[in-house]
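Colleague: below is the sequence, then the predicted model.
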Amino acid sequence: MKSEQRQAIEELVYRSCLALDAKDFKAFLDLCDAGFRYTISTFSPEIRREMVWLDHDRKGMETLFTNLPRHNSDHSPLTRHATVYTVDMNGKQAEVVAALQVFRTQLDGGASELFAVGRFHDTVNLESLKLSRRIVRLETRLLGYGYHIPF
Amino acid sequence: MAKSGAEWNAPPKFPATHYVDSRVYTDDAIFEEEKEKLFRPAWIIACHESEMPAPYDYRLFTHPAGVPLIVIRGDDAKVRAFYNICPHRGNTILYDPSGNAKRMTCIFHQWSFDCRGSCVDISRAEQGYQERFRKEDAAMREVKCEVAYGGFAWVNLTDDCPGLREFIGGAMDILEPYMQQPLEVFHYHKARVRTNFKLWHDTNSEFYHDFLHYFNRITGMMQPGYFDRKYTGFPNGHATVGSMQIQYDKYDGSKERAVGWPGLARGGWYMVDVFPGMTYNLRTSVLRIDTAIPLGPNEVIIEFRGLGLKSDSEAERRQRVFDHNMIWGPFGRNLHEDLLGVHGQGRALRQGTDSRWILQGREENSTIHDEVGMRHYYAEWSRRMGRPAYDPYRDGKPGPVRQVA
């Protein structure tokens, strides 16, 4: 893998964070290919089970974003901080693992607090250089009153 | 025209049963009293049997009265519950929230207990205690435990409490036909919110707040049958909500729930609110259970469980998980809104904000926007606390903590 290729893959991950931080959902979806699928999963040590907390194809993500203005939501902005750990080539795809920290900043006063930690497990289509799969693997399971916008 | 201070503090123009003094949500002494008078004598859901399928499987549970518990399946398949407190020096015995423990051994001094609560080993017992204290003297404290109403493990801290069936009465009759097959937990998460536990239960006890939920407005409130749903009150403060046919396909990205639930009409939705802080919520294809565990007058942990049928195929389970997550997951459309709602109440009602009265005055023949569900709850609250919720300082201050049978 050339360093330019790795840099481009890393930048794709980071741009996805920037787009969601800015609530620019069109920009986020522009980084995803037609077969994109998005999942949030975690393991519960309490019930000793794998859990899926969100699972949508690209159309489902579009609908989720379209419906957002119809709902009452927390308006505190999130800041996603990703660090790409590994990039493994797999034919025409790259498997990317990135650490994820999500911070929430209060609108009143601007206090920031750690909201969630986890990892992105991304699959990147190397021909289009777009995301074809994102699994957000959460360690944090206590999310207070939650959030409407995925990580 | 806005109100002056005197007008703001004047009692509402409703019967006294139709409003609550907001200090019942904020007062430390009242909260301590509630733990003793509401939670300690009540049957509380600790976990579900599917979380302990094998002998020696256990779950930890922090009882709302503050007591840490172990719920464990025995070698005889019976589910029992014990204090998670070592009788030696009061240490925690089990730390992980679940697991399998043929022996429950305190890490502090290696005292060991079996699944029936008997002490099976005291390290260097003879050298230290000679004949004065034996392992037979060191059993764990067992609490009442019954598995019922869909396979949930209910616990009660009071030795001479009435049985679970007596506590529930007829409140679960509306759901029991739909809980005949073994169920299985597929979702569990907690939410910690700065609000009073009763405010969460209030939210589960009134549907007028469907105005908060676009999903519920479009799939329920705007559909035929919505205003026919009725509340029914039962002894001990429990209440039920009747069903309707939810039109899931009216929401973009949603569709009619094809998986359904055995015996439940298409799109059906029943609820049972169990005093003092639990809710069964059977909504078409998923059973959700809420258990409120108060940490203080303005802080609560709510445990959320999602259940399907143990017999589910992989595809059926996947669909139930999807249906659950659409509205009830941590990123779901409705749960976030409900939690924001009670978070906002917690902000506005905290001590010192001079919010004085909470209105529960809607009367609509016990139908879905009637606030009779909350009134029914506070009638039981008043009975158990020995004074009305609209006047919790009747005797000047909250009274001494005392047990109510």
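Modeller: Here it is on my side, so go on.

Colleague: any chance you could map the helices in the chain?
Modeller: This is for chain A. Assigned by DSSP state H, chain A shows helices spanning A:3-21, A:25-30, A:58-67.

Colleague: think we crossed wires, I meant chain B
Modeller: Under DSSP H, chain B gives helices at B:5-9, B:28-34, B:125-129, B:164-168, B:197-205, B:214-216, B:314-328, B:333-349, B:372-385.

Colleague: can I get the ones you listed in a markdown table with distance to chain A, mean neighbour count and mean pLDDT?
Modeller: Just so you know, the C-beta spots here come from the backbone N, C-alpha and C atoms, and that holds for glycine as well. Formatted as a markdown table, these follow (distance: least, Cβ to the nearest Cβ, whole Å; neighbours: other Cβ atoms under 10 Å in any protein chain shown; pLDDT from 0 to 100):
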| stretch | distance to chain A | mean neighbour count | mean pLDDT |
| --- | --- | --- | --- |
| helix B:5-9 | 24 | 9 | 93 |
| helix B:28-34 | 21 | 19 | 97 |
| helix B:125-129 | 34 | 11 | 97 |
| helix B:164-168 | 22 | 17 | 98 |
| helix B:197-205 | 11 | 25 | 98 |
| helix B:214-216 | 4 | 21 | 95 |
| helix B:314-328 | 6 | 19 | 97 |
| helix B:333-349 | 3 | 21 | 97 |
| helix B:372-385 | 21 | 22 | 98 |
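
Colleague: residue B:302 against residue B:190, yeah?
Modeller: Yes. Counting by Cβ atoms under 8 Å, residue B:190 is a contact partner of residue B:302 at 6.7 Å.

Colleague: can you pull out the strands in chain A?
Modeller: Using DSSP state E, the strands of chain A run over A:32-44, A:49-57, A:78-90, A:93-105, A:112-125, A:130-138.

Colleague: quick one: closest of the ones you listed to residue B:259.
Modeller: Smallest distance to residue B:259 across those (Cβ to Cβ): 15.4 Å, for strand A:49-57.

Colleague: the closest residue to residue A:58 other than its chain neighbours - how many residues pack around it?
Modeller: Leaving aside its chain neighbours, residue A:58 sits nearest to residue A:36 (4.3 Å; criterion: Cβ to Cβ, 6 or more residues apart in numbering or on different chains). Residues contacting residue A:36 under the criterion other Cβ atoms under 10 Å in any protein chain shown number 22.

Colleague: before we move on, what about the one 5 residues further on?
Modeller: As a burial measure, the neighbour count of residue A:41 was computed by other Cβ under 10 Å and equals 16.

Colleague: quick one: it from residue A:52, how far?
Modeller: For residue A:41, the distance to residue A:52 (Cβ to Cβ, to the nearest Å) stands at 5 Å.

Colleague: with residue B:353 instead?
Modeller: Distance from residue B:353 to residue A:52, by Cβ to Cβ: 40 Å.

Colleague: can you check residue B:246 too?
Modeller: From residue B:246 to residue A:52 the distance is 23 Å (Cβ to Cβ).

Colleague: and for residue B:372?
Modeller: Taken as Cβ to Cβ, the span from residue B:372 to residue A:52 is 38 Å.

Colleague: please apply the same query to residue B:28.
Modeller: From residue B:28 to residue A:52 the distance is 40 Å (Cβ to Cβ).

Colleague: that older thread, ranking the strands of chain A by burial, who's on top?
Modeller: Stretch with highest mean neighbour count among the strands of chain A: strand A:130-138 (a mean of 20; mean count of other Cβ atoms under 10 Å in any protein chain shown).

Colleague: quick one, what contacts the closest residue to chain A within the stretch 1-150 of chain B?
Modeller: Nearest residue of the stretch 1-150 of chain B to chain A (Cβ to the nearest Cβ) works out as residue B:97 at 4.5 Å. Residues in contact with residue B:97 (Cβ atoms under 8 Å, 6 or more residues apart in numbering or on different chains) are A:45, A:46, B:59, B:60.

Colleague: ok, and the closest non-adjacent residue to the residue nearest the centre of chain A?
Modeller: Most central in chain A under Cα atoms, centre = their mean is residue A:151, positioned 4.1 Å from the mean C-alpha point. Nearest residue to residue A:151 in three dimensions, chain neighbours excluded: residue A:136, at 5.0 Å (Cβ to Cβ, 6+ apart).

Colleague: show me what contacts that neighbour?
Modeller: Contacts for residue A:136 (Cβ under 8 Å, 6+ apart) come out as A:38, A:39, A:40, A:41, A:100, A:118, A:119, A:120, A:121, A:150, A:151.

Colleague: if we use 7 Å, what do you get?
Modeller: A:40, A:100, A:118, A:120, A:151 (Cβ atoms under 7 Å, 6 or more residues apart in numbering or on different chains).

Colleague: quick check: the residue nearest to the centre of chain A vs residue A:42, distance?
Modeller: Computed with Cβ to Cβ, the distance linking residue A:151 and residue A:42 is 11 Å.
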